[in-house]
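Enquirer: with the input below, show me the fold.
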Amino acid sequence: MKFTHLASLLLVAGASVTFTAGAFAQTAAPGAAKPAAAGKDVMASKSLSSDDRDFMIRAAANGLYEIEVSKLAAEKSQSAAIKRYATTLVRDHTAAKEELRALAVAKPLRIPDDMPDSKKIRLKMFSGATSAEFDEKYVKMVGIEEHEADIELFEKQLDRGQDADVKAFATKMLPKLKMHLAEARKLDTGGKPTPSSK
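Expert: Prediction:
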């Protein structure tokens, strides 16, 4: 009788241990998988060189500024030619922004979704510019100077970048940046707003 009672106790204890171990395995498995996945994300992010990361962050910030200031130009400019140019910039830089954002997600890398303060100050300056000075400043500062800086940034990426996908993005976008610069130089009329054209 004592033997039967002892056997029953051992059976219950064994089942309890088995149940507890199974429950632990079920709760531990999801927790164990998360660090592995997180580690993979970290590894992917660290796989980008400092040059690749710097390029993507700067290209994103510059693009956001050029989109916003060009939207303003499309509304505020007195020149039909500059309005068309600004509309082209909004279209091309928006497409580049979306492609760069998808690339950042894939790496993964957090890129800015807002322009830096220095660019916000410039945008505010354009917002307060008179109609007479707006076109001259837009062509000079955005069409020419910003695009010269963009081209230098993208060419530097082709020279120093290591990630094949990031370099492919730079390779694809560089011709359009050069085209934007060439078109802006045609609009530059020595400090005078470009006259409207039909």
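
Enquirer: CA atoms for contacts and neighbours, from now on please.
Expert: Noted.

Enquirer: what packs against the helix or strand containing Asp54?
Expert: Taking DSSP states H and E as the criterion, Asp54 maps to helix 50-76. Judged by 3 or more CA pairs under 8 Å, 6 or more residues apart in numbering; DSSP states H and E, helix 50-76 is in contact with helix 80-106, helix 117-128, helix 131-137, helix 147-160.

Enquirer: what is the burial count for Leu158?
Expert: With neighbours defined by other CA atoms under 10 Å, the count for Leu158 comes to 19.

Enquirer: what's the nearest residue to it if we skip its chain neighbours?
Expert: Spatially, and ignoring its direct neighbours in sequence, Leu158 is nearest to Lys167 (5.7 Å; CA to CA, 6 or more residues apart in numbering).

Enquirer: for Lys156, see how far away the one you found is.
Expert: 10 Å (CA to CA, to the nearest Å).

Enquirer: more neighbours, those two?
Expert: Neighbour count, other CA under 10 Å: between Lys167 and Lys156, Lys167 has more, with 20 against 14.

Enquirer: list the contacts for the more buried one?
Expert: Applying CA atoms under 8 Å, 6 or more residues apart in numbering, we find Lys167 in contact with 157-158, 161.

Enquirer: what about it, which helix or strand?
Expert: Secondary structure assignment for Lys167, by DSSP H and E: helix 164-187.

Enquirer: now that helix: average pLDDT?
Expert: Averaged across helix 164-187, the pLDDT comes to 97.

Enquirer: in that helix, what's buried?
Expert: 166-167, 169-170, 173-174, 177, 180-181, 183-184, 187 (16 or more other CA atoms under 10 Å).

Enquirer: specify which member of these is nearest to Ala96.
Expert: Minimum distance to Ala96 across those is 7.3 Å, recorded for Met173 (CA to CA).

Enquirer: just put the helices and strands packed on helix 50-76 in TSV and tack on distance to Met56 and mean pLDDT.
Expert: As requested, these are exported to TSV (distance: least, CA to CA, whole Å; pLDDT from 0 to 100):
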stretch	distance to Met56	mean pLDDT
helix 80-106	7	97
helix 117-128	17	95
helix 131-137	27	89
helix 147-160	9	97
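
Enquirer: in TSV: these, plus distance to Arg58.
Expert: TSV is the format used below for those (distance: least, CA to CA, whole Å):
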stretch	distance to Arg58
helix 80-106	11
helix 117-128	12
helix 131-137	22
helix 147-160	8
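
Enquirer: what's the closest of those to Ala73?
Expert: Relative to Ala73, the nearest member of the helices and strands packed on helix 50-76 by CA to CA is helix 80-106, separated by 6.0 Å.
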